[in-house]
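I would like the atomic coordinates for the input below:
(2 chains)
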Amino acid sequence: MSETNKLTVSASPHIKGFSTVTGIMLDVIIALIPAAFAGVAVFGVKAALVIAVCIISCVAFEALSRKIMKRHSTVGDLSAVVTGLLLAFNLPVDIPLWMCVAGSAVAIVVVKQFFGGIGQNFANPALTARIVLLVSFAGAMTSFSQPSSAAVDAVAGATPLAHLSALDLDGNITLQLKQLIADGELPSLLHMFFGVRQGCIGEVCSVALILGAVYLVARGVIKLSIPVFYIGSVAVFMLIVSGFNIYYTAYEILGGGLLLGAFFMATDYTTSPINKKGKIVFGIGCGLLTCIIRLYCSVPEGVSYSILLMNIACPLIEKITAPGYFGFTKEKKVKKEKAV
Amino acid sequence: MAKVKYNYCKELTKGILKENPVLRLVLGTCPALATSTSVVNAIGMGIATTMVLICSNIVISALRKVIPSKARIPSYIVIIASFVTIVQMLIKAFVPALDESLGVFLPLIVVNCIILGRAEAFASKNPVLVSAVDGLGMGIGFTAALSCMGFVRELLGGGTLLSGTDTLLSAFVDLGSFRGLDFNTALESIGLSPMTIFILPAGGFFVFGILMAVVNKISEKKGLKRAVLSGCEGCPLASGCSKLKEDDAQ
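Below you'll find the predicted structure:
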């Protein structure tokens, strides 16, 4: 209390905000629930198990590390639940459960608590954990089974994005896509939209993710600038690359974890810029990196890497885009007078 | 001038925790990260560096009154480089497998800043014997830090421990059929597998940072200052820094 006594408080009335960390986290959890249900519906009960293990282990690691570090407990703010949920969304359904626990340990202990807990981490915990797992267990992290509702049950195969990256962009793209769909290799756009495809648990069902995103925007939890500029720049880049093929671009946007990343990961308060200009730079940067990684690198998916890279660049973006003081204008460069 | 009494024991032990070159002074980070992928590599690198460190400290300390201060850095480098060449030739002759696994990091000991740092900060100002002891202490500290990192990284990243011990020691002692411990089959039987990231540089940074935090915690308990990483205070060369001397003179 001695700290607060030092502050001068002006006379009432005071304007008070009603948003709390717990409230915001609860909103995010509510927004993620449709995608969680969709994941369970698409991949079966095993997906629910992965989600449960991730959430429980994240909360346990949060409680444990706070206790060991002798800090006050922050389990109650639900941020660990959100991290666990997002981590589970980024994992394939067939992942061994102990890997989920290892990922939770990386996310909560290494990325979050070592840097001081909620609000102090410089990178998105769930994404970093995903990348650590991806590098460590490449096999388990990239074997995606078919959705259980598909005709062929539980056969590992390539994700839509892997098919897309194998396309010959100089040829007739629409024809190639139609051929892949006819062969049963690529799900149709409608299936992509409703989540009947291979992929990670949370990323498959685009409609559920969009539903959650609409809720978050309506509640004022996230601003639209990052997702819009992120997805928009991906769309523009893909349109240009494919010679303005809308069909192909739609696959690129619905495929992989772009929607999940753009709405729920890139908008993380701690690791994204504060002001609007910064958010736009952040979104476009994420979009360009995602496209470059998807098209020109050896890995088919680049959302997690691009968001992580932009997380690291975030302090620089903040510095560049910091608004000037109110009432001040930039000093104009004084032109050197020519020596007579 | 009164003869300074040196506490040899203190000079030896300071390198292990108080002034650990890797974990407290944050020197030699590059070889520390690159060669700590296994305990055997770490120990091999540690021994090679320690040998160079002791020899170069002795020679530089013996020549400290002969070397002109303006040409000291090149002179140190020449001395260090000669010892690195000797050590490299010895390793190539007796433990060729270690030479192969350390690769370019063996000749790169020349530019290892621990060695140059000790030459500049200690050997150039102190007599021969105490410089040799300082070199030994720092070398032990370097080896210990590398071995700790190697232990964690090898165990978590490769599922082995002390693998390749035979390559390091076969020239000197008969180990029988000991090839290091391999837990991979045991891990597989319970469905686990090692986390490859710990062998990679990224995992090296994780282990390095966590180890540094642990050492900081221990030294805090012992009442030592936290390692300072910025400004002149954090610079191991501060005592011999020409810029600072100029500032003092003014």
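
where's the residue in the stretch 201-340 of chain A positioned nearest to chain B relative to residue B:67, distance?
Of the residues in the stretch 201-340 of chain A, the one nearest chain B is residue A:308, at a distance of 11.5 Å by Cβ to the nearest Cβ. All C-beta spots, glycine's among them, are computed from the backbone N, C-alpha and C. Distance, residue A:308 to residue B:67, using Cβ to Cβ, to the nearest Å: 49 Å.

which of the two has more residues huddled nearby?
residue A:308 (20 against 17; other Cβ atoms under 10 Å in any protein chain shown).

which pLDDT value goes with that one?
Residue A:308 carries a pLDDT value of 93.

restrict the helix or strand encompassing it to CA atoms and write it as CSV.
Assigned by DSSP states H and E, residue A:308 belongs to helix A:303-321. Provided in CSV are the C-alpha atoms of helix A:303-321 (Å, rounded to 0.1, in the frame of the first residue of the first chain):
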residue,chain,number,x,y,z
VAL,A,303,2.8,-19.1,-39.9
SER,A,304,4.5,-20.1,-36.7
TYR,A,305,7.9,-19.0,-37.8
SER,A,306,6.8,-15.8,-39.2
ILE,A,307,4.8,-14.7,-36.1
LEU,A,308,7.8,-15.7,-33.9
LEU,A,309,10.2,-13.6,-36.1
MET,A,310,7.9,-10.6,-36.0
ASN,A,311,7.5,-11.1,-32.2
ILE,A,312,11.3,-10.6,-32.0
ALA,A,313,11.1,-7.6,-34.3
CYS,A,314,8.3,-6.1,-32.2
PRO,A,315,10.4,-3.8,-30.0
LEU,A,316,12.0,-2.3,-33.1
ILE,A,317,8.6,-1.8,-34.7
GLU,A,318,7.4,0.0,-31.5
LYS,A,319,10.5,2.2,-31.6
ILE,A,320,10.0,3.2,-35.3
THR,A,321,6.2,3.7,-35.1
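
what's the nearest residue to residue 98 if we skip its chain neighbours?
Just so you know, I chose chain A. Spatial nearest neighbour of residue A:98, chain neighbours left out: residue B:192 (6.3 Å); criterion: Cβ to Cβ, 6 or more residues apart in numbering or on different chains.

ah, no, chain B please
Nearest one to residue B:98, counting by Cβ to Cβ, 6+ apart, is residue B:44 at 4.5 Å.

number of residues surrounding the residue in chain B positioned nearest to chain A?
Residue nearest to chain A within chain B (Cβ to the nearest Cβ): residue B:195, separated by 3.9 Å. By other Cβ under 10 Å, 22 other residues sit near residue B:195.

residues contacting it?
A:102, A:132, A:136-137, B:156-157, B:203 (Cβ atoms under 8 Å, 6 or more residues apart in numbering or on different chains).

what about 10 Å?
By Cβ atoms under 10 Å, 6 or more residues apart in numbering or on different chains, residue B:195 lies in contact with A:99, A:102, A:106, A:132-133, A:135-137, B:153, B:156-159, B:203.

output the residues you listed as CSV; include the columns distance to residue B:36.
Formatted as CSV, those follow (distance: Cβ to Cβ, whole Å):
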residue, distance to residue B:36
A:99, 25
A:102, 21
A:106, 20
A:132, 18
A:133, 22
A:135, 18
A:136, 18
A:137, 22
B:153, 6
B:156, 12
B:157, 11
B:158, 12
B:159, 16
B:203, 10
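
who wins for most neighbours among those?
In those, the most neighbours by other Cβ under 10 Å go to residue B:153, 27 neighbours.

contacting residues for that residue?
By Cβ under 10 Å, 6+ apart, residue B:153 lies in contact with B:33, B:36-39, B:41-42, B:195, B:197-200, B:203-204, B:206-208.

and the closest residue to residue A:71 other than its chain neighbours, its phi and psi?
Distances taken as Cβ to Cβ, 6+ apart put residue A:117 closest to residue A:71, at 6.8 Å, once the chain neighbours are dropped. The phi and psi values for residue A:117, taken as degrees, to the nearest 10, are phi 90, psi -160.

for chain B, see how far away residue A:117 is.
Taking Cβ to the nearest Cβ, to the nearest Å as the measure, residue A:117 falls 15 Å from chain B.

before we move on, back to that, quick check, nearest of the contacts of residue B:195 to residue A:195?
Distance to residue A:195, by Cβ to Cβ, is smallest for residue A:133 among the contacts of residue B:195, at 22.2 Å.

and the pLDDT for residue A:217?
93.

can you check residue A:151 too?
The model's pLDDT for residue A:151 equals 43.

residue B:6 belongs to a strand?
No: looking at residue B:6 with DSSP: H, G, I helix; E, B strand; the rest coil, it is coil, so not inside a strand.

okay, now it: neighbour count?
Applying other Cβ under 10 Å, we find 15 residues neighbouring residue B:6.

residues in contact with the residue nearest to it when sequence neighbours are not counted?
Leaving aside its chain neighbours, residue B:6 sits nearest to residue B:130 (4.4 Å; criterion: Cβ to Cβ, 6+ apart). By Cβ under 10 Å, 6+ apart, the contact list for residue B:130 reads B:4, B:6-8, B:11-12, B:57, B:61, B:122-123.

what does the stretch 101-250 of chain A put close to chain B?
Neighbours of chain B within the stretch 101-250 of chain A, by Cβ under 10 Å from any Cβ of the partner chain: A:102, A:106, A:109-111, A:114, A:131-140.

just flag the most distant two among those.
The widest separation within those (Cβ to Cβ) is 28.1 Å, between A:114 and A:139.

report pLDDT for residue 51.
Going with chain A. 94.

actually, chain B is the one I wanted.
Looking at residue B:51, its pLDDT stands at 93.

neighbours around it, how many?
20.

tell me the contacts of the closest residue to it other than its chain neighbours?
In space, and not counting its chain neighbours, residue B:51 is closest to residue B:87: 5.3 Å by Cβ to Cβ, 6+ apart. Shown in contact with residue B:87 (Cβ under 10 Å, 6+ apart): B:47-52, B:55, B:106-107, B:109.

which of those are buried?
B:47-52, B:55, B:106, B:109 (16 or more other Cβ atoms under 10 Å in any protein chain shown).

what helix or strand is the spatially most central residue of chain B located in?
Centre of chain B computed as the mean C-alpha position; nearest residue by Cα atoms, centre = their mean is residue B:142, 3.0 Å away. Using DSSP H and E, residue B:142 maps to helix B:128-158.

after that helix, which helix or strand is next?
strand B:160-161.

and the contacts of that following strand?
With contact meaning Cβ under 10 Å, 6+ apart, strand B:160-161 is reached by B:38-40, B:150-151, B:154-155, B:179-184, B:194.

repeat that with 6 Å
B:154-155, B:180-182 (Cβ atoms under 6 Å, 6 or more residues apart in numbering or on different chains).

stretch A:37-53 too?
A:36, A:88, A:93, A:97, A:100, A:147-148, A:195, A:201-202, A:204-205, A:208.

one step back: are any of the contacts of strand B:160-161 buried, and which?
B:154-155, B:180.

check the offset of stretch B:102-119 from the chain's centre.
With Cα atoms, centre = their mean, to the nearest Å as the basis, stretch B:102-119 stands 9 Å off its chain's centre.
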